[in-house]
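*Asks:* what follows is a predicted protein model with its sequence.
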Amino acid sequence: MTILKLTRRGFVRAAAVITIMLGIGGNAMAQDPENILYLDLDYGRVVILMRPDLAPNHVARIKELVREGFYDGIVFHRVIDGFMAQTGDPTGTGTGGSDLPDLPAEFTDTKFVRGVIGMARTSDPNSANSQFFIMFDASPNLDGQYTVIGEVTEGMEAVDKLKKGDPNAGGMVDQPDKIIKMQMQDAG
């Protein structure tokens with residue numbers, strides 16, 4: 001008989017994964033290392049569970065860009081306290097994206113609550129490309145209007161520490177924090 005010894009951190013992490021798995025119908029998504037991303041910040045590691053059950057094309061795009069190292073060094077150009085932190089623009093202006101074509105919307109009824117990750121877009125619902133945002137708090141006005149690609153399962157305290165932008169400038173950040181590295185779980 002094997003006895004599993006868990007530290008407090010290990011127990012909390014295991015409980016979070018079990019909770020997420022139950023929350024998505026017990027499906028094996030959370031067990032697939034391809035669906036767990038690590039987003040490393042100066043403030044710590046953020047663990048993200050990708051949700052291909054909600055947005056298969058958007059999740060595939062994020063994974064493709066992560067494998068290419070696209071997000072490494074990209075800044076959080078727009079961070080609005082009490083709302084969200086946005087990244088994924090290589091120009092740092094909020095107007096850029098990858099060289100890949102934009103994606104058609106994959107909207108669901110998933111709620112935009114703390115820790116949920118959505119794809120940024122222009123006023124055209126089919127314009128998401130590489131930019132995404134992490135919610136600080138619930139924002140029901142986004143529900144059904146933006147594509148949900150995942151959720152933070154660990155490390156929201158690191159996201160909370162990101163430098164906030166000027167609310168009078170649409171949340172644009174002077175000297176923004178950046179992603180040190182973003183990778184698949186099985187890579188690191």
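*Replies:* Arrived safely. Treat the numbers as computed from the prediction; the structure is a model and nothing was measured. Numbers count the residues shown, from 1 in each chain.

*Asks:* remind me what whatever helix or strand Q183 lives in packs against, helices and strands.
*Replies:* If you go by DSSP states H and E, Q183 is part of strand 181-184. If you count contacts as 3 or more C-beta pairs under 8 Å, 6 or more residues apart in numbering; DSSP states H and E, strand 181-184 packs onto strand 36-41, helix 56-68. All C-beta atoms are positioned from the backbone trio N, CA, C, and that covers glycine.

*Asks:* does F76 touch M172 like I think?
*Replies:* No. In this structure F76 lies outside contact range of M172 using C-beta atoms under 8 Å: 10.5 Å.

*Asks:* V47: how many residues sit nearby?
*Replies:* 18 (other C-beta atoms under 10 Å).

*Asks:* check D177 too.
*Replies:* When neighbours are counted by other C-beta under 10 Å, D177 registers 20.

*Asks:* swap in E68?
*Replies:* Residues near E68, counting by other C-beta under 10 Å, number 10.

*Asks:* helix/strand/coil for A158?
*Replies:* Judged by DSSP: H, G, I helix; E, B strand; the rest coil, the three-state class of A158 is helix.

*Asks:* pull the number of nearby residues for it.
*Replies:* 18.

*Asks:* also L54?
*Replies:* Applying other C-beta under 10 Å, we find 19 residues neighbouring L54.

*Asks:* need the pLDDT of it.
*Replies:* As predicted, L54 sits at a pLDDT of 98.

*Asks:* residues in contact with it?
*Replies:* E106, T108, T110, T147, V148, I149 (C-beta atoms under 8 Å, 6 or more residues apart in numbering).

*Asks:* try D137
*Replies:* When contacts are counted by C-beta under 8 Å, 6+ apart, D137 touches G82, F83, V113, R114.

*Asks:* repeat that for 7 Å
*Replies:* For D137, the contacting residues are G82, F83, R114, by C-beta atoms under 7 Å, 6 or more residues apart in numbering.
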